[in-house]
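>>> Need the 3D shape of this:
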Amino acid sequence: MNSVAQHLLEIKKELPAQVKLIAVSKTYPVDVVMLAYEAGQRVFGENKVQEMCEKQEQMPKDVEWHLIGHLQTNKVKYIAPFVSLIHSVDSLKLLQEINKQAQKNNRVIDCLLQIYIAQEETKFGLSPEECVALLESDAYKQLNNIRVVGLMGMASNTEKEEQIRKEFRELKKLKDRYPAFKEMSCGMSSDYKIAIEEGSTMIRVGSSIFGKRNYTV
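Presented below is the predicted three-dimensional model:
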């Protein structure tokens, strides 16, 4: 068994039934990503629209593609025909554009609202207050070609487990205010076990499956 398949199966073995694994394939070439596909993985996450479109062209059509990186409104049209879930919606404007492009493709696109939970300046996302205001706005209620199915968050890049846990708890608390929200996407290679304990239903794991990334490619 190759190491990608081995890592994948080891992670899947320890996941509760209600948790979906998003294999984060960004920066890895298609032949490496296909090792995970051949081992049974069907859900892949990409950060960049162009890379996602290129891989979608080359890989089998039963792959479920999740956009997990920051999304610009002018790029939505490229992924609207096939994307399964957009994790990183951080504004009403972006939601309106996704709705518009979904309509053109005769689809309803599932989305997660990205909530800013980390104590860092570098992460995107809505504050909990902005999230509530968006969901209660008339403009949001007019969008018929998107479905917000939950929330996404990224914890601070820290060794402090209690802080990470606290941030995931805040996300869960907000999610629980909305009975229709089924998904909570949080937890990466370094903290997915804590995320699962705090209620995550989707974990985004890349390097623990595929190995160290080479960003010079």
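>>> What is the burial count for the closest residue to S3 other than its chain neighbours?
With sequence-adjacent residues excluded and distances taken as CB to CB, 6 or more residues apart in numbering, S3 is closest to G211, at 7.1 Å. In this view, the C-beta of every residue, glycine as well, is placed from N, C-alpha and C. Residues lying near G211 (other CB atoms under 10 Å) number 13.
>>> So G211 is in contact with L8, correct?
No: judged on CB atoms under 8 Å, G211 makes no contact with L8 at a distance of 11.6 Å.
>>> can you pull out the strands in this structure?
Remark: strands assigned in the chain by DSSP state E are 20-24, 43-46, 64-67, 85-89, 109-115, 146-153, 183-185, 202-205.
>>> Starting from the longest one, tell me which strands it pairs with and how they run.
Meaning strand 146-153. In the sheet, strand 146-153 lines up against strand 109-115 (parallel), strand 183-185 (parallel) (DSSP bridges).
>>> Using CSV, lay out the ones you listed together with distance to D62.
Formatted as CSV, those follow (distance: least, CB to CB, whole Å):
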stretch, distance to D62
strand 109-115, 17
strand 183-185, 21
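>>> nearest to E198, of the ones you listed?
strand 183-185 (8.6 Å; CB to CB).
>>> Can you list the buried residues in the closest one?
E183, M184, S185 (16 or more other CB atoms under 10 Å).
>>> tell me which of these is nearest to S25?
S185 (15.9 Å).
>>> That closest one touches G199, doesn't it?
No: in this structure S185 lies outside contact range of G199 using CB under 8 Å: 11.1 Å.
>>> Determine the set of other helices and strands touching the longest helix belonging to the chain.
Longest helix in the chain by number of residues, with DSSP state H as the criterion: helix 161-175. Where contact means 3 or more CB pairs under 8 Å, 6 or more residues apart in numbering; DSSP states H and E, helix 161-175 is packed against helix 128-136, strand 146-153, strand 183-185, helix 192-197.
>>> and these, which is most packed in?
Most buried of the helices and strands packed on helix 161-175, by mean neighbour count (mean count of other CB atoms under 10 Å): strand 183-185, with a mean of 23.
>>> model confidence over that one, on average?
Averaging pLDDT along strand 183-185 gives 98.
>>> And for stretch 107-120?
Mean predicted lDDT for stretch 107-120 stands at 95.
>>> Off-centre distance for that stretch?
8 Å (CA atoms, centre = their mean, to the nearest Å).
>>> Mind listing what's buried along that stretch?
Buried, per 16+ other CB under 10 Å, within stretch 107-120: I109, D110, C111, L112, L113, Q114, I115, Y116, I117, A118.
>>> Please apply the same query to stretch 55-69.
Under 16+ other CB under 10 Å, the buried positions of stretch 55-69 are K55, Q56, M59, V63, W65, H66, L67, I68, G69.
>>> and the second one, what is it in contact with?
Q56 makes contact with V63, W65, F82, according to CB atoms under 8 Å, 6 or more residues apart in numbering.
>>> Cool, thanks, talk later.
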